[in-house]
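Asks: here are the coordinates; sequence isn't available:
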C-alpha cells in the first residue's frame, strides 16, 4: 500500500528559508497528484496554505510557495517567522481516486 | 461568511454507532464536494470520506470502508457521517471540510470529538 511521506521534523532560523517535502513511498508525485499543504497549530483546525501544487489560498503571504521538486511536492517558506512554528501537512490525490495525508512535519523556528 | 459546524460527537462503546452532522452556511452548498477528515489525539490528519455535489458518488478511506457512510442533504445544507462498528482506533476529532473545486480543501469546521471506549 502506497503511503504519503513527510519529514517528521525540521528546524529553521528566523529569517531563513526551509523546504518541506511530500512524496509517495513508491512512485513519484506529479501535477495530477494535486498536492496541497495545510498548517496547524495546537488546538486549532488546519489552515489551507497551498492547493493544486502552487496556488496560494486567500490571505496566505507570498513567502509560502509550492512546487514539485524532482519526484516530490515541496513547500518552501522564505523568511521564516516565529509564528510559522507549526505542524505542516500535505495531501495527495491517489490513483484510487481518494485522498491521503502525509504524517506531517513539525517545524520549529529557533 | 463561510461556516461549517459539526455536531454529534460523544462517547460510544466499541461496536456501537454514531451519526455526525455538519451544517453549512454562507455559500452555495450544492456547488461543493464535501469531505470528512479526522485526527486522533496527538496524531496527524487522516482523510476519511468524500461525497460529490449531488450525493451520487461517495469515496472512502480503506480504514473505514464498509463501516462508515457519508451522505448529504442539499435541501438542509448538511453533510452526514454515519459511523457503525466503531473501534477504539476511530477515536478522533472529526472535521467537516469543504472542497474548493480546484483540488484543495479550503474551509474547515472546528471539529467534533468522538471517543470509542468501554
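Replies: Good, I have the coordinates. All values reported here derive from a predicted model rather than from experimental measurement. Numbers count the residues shown, from 1 in each chain, chains lettered A, B, ... in the order given.

Asks: quick one: stretch A:39-52 near chain B?
Replies: Yes - contact of stretch A:39-52 with chain B (CB under 8 Å from any CB of the partner chain) involves A:40, A:45-48, A:50-52. Bear in mind the C-beta positions are built from the backbone N, C-alpha and C, glycine included.

Asks: nearest to residue A:58, of those?
Replies: residue A:48 (8.6 Å; CB to CB).

Asks: next up, phi/psi of that closest one, please.
Replies: phi -80, psi 130 (degrees, to the nearest 10).

Asks: next: residue A:58.
Replies: phi -60, psi 130.

Asks: and for residue B:110?
Replies: Taking degrees, to the nearest 10, you get phi -80, psi -20 for the backbone angles of residue B:110.

Asks: ok, it - contacts?
Replies: A:45, B:5-6, B:95 (CB atoms under 8 Å, 6 or more residues apart in numbering or on different chains).

Asks: can you rerun that using 7 Å?
Replies: By CB atoms under 7 Å, 6 or more residues apart in numbering or on different chains, the contact set of residue B:110 is A:45, B:6.

Asks: before we move on, what about residue A:105?
Replies: Contacts here follow CB under 7 Å, 6+ apart; on that basis residue A:105 touches A:6-10, A:20, A:87-88.

Asks: against residue B:71, how distant is it?
Replies: Per CB to CB, to the nearest Å, residue A:105 is found 34 Å from residue B:71.

Asks: related to what we said a few turns ago, closest one of the contacts of residue A:105 to residue A:57?
Replies: Using CB to CB, residue A:88 comes nearest to residue A:57 of these, at 13.7 Å.

Asks: my read: the closest one touches residue A:46, true?
Replies: No - applying CB atoms under 7 Å as the test, residue A:88 and residue A:46 come out as separate, 9.4 Å apart.

Asks: re the thing from before, of the contacts of residue A:105, just the buried ones, PyMOL syntax please.
Replies: Those of the contacts of residue A:105 that count as buried under 16 or more other CB atoms under 10 Å in any protein chain shown are selected in PyMOL with:
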select buried, chain A and resi 6+7+10+20+87+88
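
Asks: looking at the contacts of residue A:105, which are in helices?
Replies: Per DSSP state H, helices hold no members of those.

Asks: got the contacts of residue A:105 as a markdown table, with distance to chain B columns?
Replies: Output for the contacts of residue A:105, formatted as a markdown table (distance: CB to the nearest CB, whole Å):
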| residue | distance to chain B |
| --- | --- |
| A:6 | 9 |
| A:7 | 13 |
| A:8 | 10 |
| A:9 | 13 |
| A:10 | 15 |
| A:20 | 14 |
| A:87 | 8 |
| A:88 | 11 |
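
Asks: out of the contacts of residue A:105, which one sits closest to residue B:112?
Replies: Set against residue B:112, the nearest of these by CB to CB is residue A:87 (20.3 Å).

Asks: can you name the residues that contact the residue in chain A that chain B sits nearest to?
Replies: Nearest residue of chain A to chain B: residue A:51, at 2.5 Å (CB to the nearest CB). Residue A:51 sits next to A:36, A:57, B:100, B:102-104 when contact means CB under 7 Å, 6+ apart.
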